[in-house]
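Colleague: Give the three-dimensional model of this entry:
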Amino acid sequence: MPLTAPYQLDALQALLLQEGSQYIAQHAGLTLHSHFQPIFSFAHRRVVGHEGLMRAWTPIGKAMSPAHVFASAGSEAELVTLDRLSRLLHARNFCTLSEQMGDPPHWLFLNAEPNAFAHAGQYGRFFPELLARLGLAPERVVVEVLETAIENHRALTRAVDYFRDIGCLIAIDDFGAGHSNVDRVWRLRPDIVKLDRTLITDATRNHDARLILPGLVSLVHEAGALVLAEGVETENEALLALEADCDLIQGYYFARPAPGLWHSEPSQPLFETLWDNFNARMRLEIEHNQQQLAPYCTAILKGAARLTEAEGFAAAAQAFMNEPAAIRCFLLDVNGRQVGANLHNPTREQRVTPRFSPLDDARGAVWSRRQYFRQAMKRFGELQISRPYLSIVGEAQCVTLSLGLMLNGVPHVLCGDIQWHGPVEFDSGDGSVLE
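Modeller: Modelled structure (predicted):
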């Protein structure tokens, strides 16, 4: 392969021109500039990285989107040239601006054009040479992969491995949009997953989407990746991302792309207001939950006391079942196996549809996998409150109260389900004790 190929580093360097304190690039009549959008950490309340974004202008000064710039490439080699030129331009400007700021330990997020990304490493070792020449440590570079745009799974995996072997971090971009596949999170093992903006905007309008979002974030965390919410434009969207436990945040609400870099100091006014509002909302939800659950907690504690005094199950559970949102009450043995049938609220049974009727009879069912059982056994004698979930024996979101108690010298767990309508947050993912 000749050293004078247009996609080699020396040839691309010749396309850079210094303009003031930054560099621009000339290619096929277009003038390319770097803009950078900061990425913040919720917890640190400051910038931890910048995403390099291309800005292109025609000879007559008309702006041209990056998508159109890459679409103008007439061949695979030209596409690779454009992709590499873009990364070189952003990396060169990032290093120059970072040096002027005292070289803060920020990440540089670089987008990889999907079709060119699939050929990473096949046109010579451009990127390691680039990092070495600029003195940019590979662990400070995050390569963003738009995984939905690459249909060749082997090529995608090979390209990801190439950049990971160099030492770069890998981010999956626009996760949750289009036909994103969760299985690619397991296979690609990214360091960061960038949630598509639609996941956040949908959560602001759709109650079910809001309930699902924290679970999706937790799923990504369990896969070993940080979660970045991108495209956040309002305070409400930022609060939802914060409530869902996203780690990083990016969007117009915090900062628009600009030619320069942000300093590392905490963005005090914006993040202080955001955290104050989040903490106030959390306190209100906890207070609301406590008020809403208090009569049910009192009733099931009374029922437990009556059970330990050898009163019949139906009579002991009556006070709980008289509460308006009570769904069912049931008893489990030490192995989580249900003792007897569910005791249903008769006023609610009339409103239940028969779609889940094959699951109605739960006698002998084993619930030892459920957190409400495990927490009740772990903190025996303390009332536990589950997070909202869809019970297999019902079709509504419910919260389960559970309490470990001794009956005839044998451990049991008394449980009561309550229909739940609104979002709820507890301090622990495993369950909570009502204070």
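
Colleague: Flag the helix or strand of the protein with the lowest per-element mean pLDDT.
Modeller: In the chain, the helix or strand scored least confidently by mean pLDDT, DSSP states H and E is helix 346-349, which has a mean of 68.

Colleague: Could I get the contacting residues of His221?
Modeller: Shown in contact with His221 (Cβ atoms under 8 Å, 6 or more residues apart in numbering): 227, 245. All C-beta spots, glycine's among them, are computed from the backbone N, C-alpha and C.

Colleague: With Asn335 instead?
Modeller: Taking Cβ under 8 Å, 6+ apart, we find Asn335 in contact with 366, 368.

Colleague: do the same with Ala258
Modeller: 35-37.

Colleague: who does it bridge with?
Modeller: Phe36 (DSSP bridges).

Colleague: How much space separates it from His35?
Modeller: 6 Å (Cβ to Cβ, to the nearest Å).

Colleague: Same question for Asn115.
Modeller: For Asn115 relative to His35 (Cβ to Cβ), the value is 23 Å.

Colleague: The residue most central in space within the chain: which element?
Modeller: Per Cα atoms, centre = their mean, the C-alpha nearest to the average position across the chain is that of Val217, at 3.2 Å. Using DSSP states H and E, Val217 maps to helix 207-222.

Colleague: ok, residues contacting the helix or strand just after that helix?
Modeller: Moving toward the C-terminus from helix 207-222, the next helix or strand (DSSP H and E) is strand 226-229. Contacts with strand 226-229, where a contact means Cβ under 8 Å, 6+ apart, come from 39, 171, 191-195, 199-200, 217, 220-221, 237, 241, 244-251.

Colleague: how does it look with 7 Å?
Modeller: Residues from elsewhere that reach strand 226-229 (Cβ atoms under 7 Å, 6 or more residues apart in numbering): 39, 191-195, 200, 217, 220-221, 241, 246-250.

Colleague: That strand pairs with which strands, and in what direction?
Modeller: Strands that pair with strand 226-229, judged by DSSP bridges, come out as strand 192-195 (parallel), strand 248-249 (parallel).

Colleague: which one of those strands is the most hemmed in?
Modeller: Counting by mean count of other Cβ atoms under 10 Å, strand 192-195 has the highest mean neighbour count of the strands paired with strand 226-229, with a mean of 26.

Colleague: tell me the domain boundaries of this protein?
Modeller: Split into domains by automatic domain parsing, the chain comes to 9-266, 287-419.

Colleague: Tabulate these (CSV), appending distance to Trp275.
Modeller: What follows is the domains of the chain, written out as CSV (distance: least, Cβ to Cβ, whole Å):
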stretch, distance to Trp275
domain 9-266, 8
domain 287-419, 18
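
Colleague: picking that back up, any idea which of the contacts of strand 226-229 is closest to Leu88?
Modeller: Nearest to Leu88 among the contacts of strand 226-229 is Ile39, at 20.9 Å by Cβ to Cβ.

Colleague: would you say that closest one is within a strand?
Modeller: Yes: counting by DSSP: H, G, I helix; E, B strand; the rest coil, Ile39 falls inside a strand.

Colleague: What residue, apart from its backbone neighbours, is nearest it spatially?
Modeller: Leaving aside its sequence neighbours, Ile39 sits nearest to Gly49 (Cβ to Cβ, 6 or more residues apart in numbering; 4.1 Å).

Colleague: Go ahead and list the helix or strand containing that neighbour.
Modeller: Using DSSP H and E, Gly49 falls in strand 46-57.

Colleague: Output the contacts of Ala258 in TSV, with pLDDT appended to each entry.
Modeller: TSV is the format used below for the contacts of Ala258 (pLDDT from 0 to 100):
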residue	pLDDT
His35	97
Phe36	97
Gln37	97
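
Colleague: which one of those has the most neighbours?
Modeller: Most neighbours among these, by other Cβ atoms under 10 Å: Phe36, with 24 neighbours.

Colleague: Just to check, that one is in contact with Trp262?
Modeller: No: using Cβ atoms under 7 Å as the test, Phe36 is too far from Trp262 to be in contact (8.1 Å).

Colleague: Which pLDDT value belongs to Gly121?
Modeller: Listed pLDDT for Gly121 reads 64.

Colleague: I meant Thr148, not that one.
Modeller: Thr148 is assigned 62 on the pLDDT scale.

Colleague: what does Pro114 give?
Modeller: Here the pLDDT value assigned to Pro114 is 77.

Colleague: begin at 26 from here
Modeller: All right, first residue 26 from here; so that's Pro139.

Colleague: and it, how far is that from Phe95?
Modeller: Counting by Cβ to Cβ, the gap from Pro139 to Phe95 is 9 Å.

Colleague: And Ala116, by the same measure?
Modeller: Relative to Phe95, and taking Cβ to Cβ, Ala116 is found at 18 Å.

Colleague: Over to Asp186?
Modeller: The gap separating Asp186 from Phe95 is 23 Å, by Cβ to Cβ.

Colleague: more neighbours, those two?
Modeller: Shown here are Asp186 and Phe95; by other Cβ under 10 Å, Phe95 has more neighbours (19 against 15).
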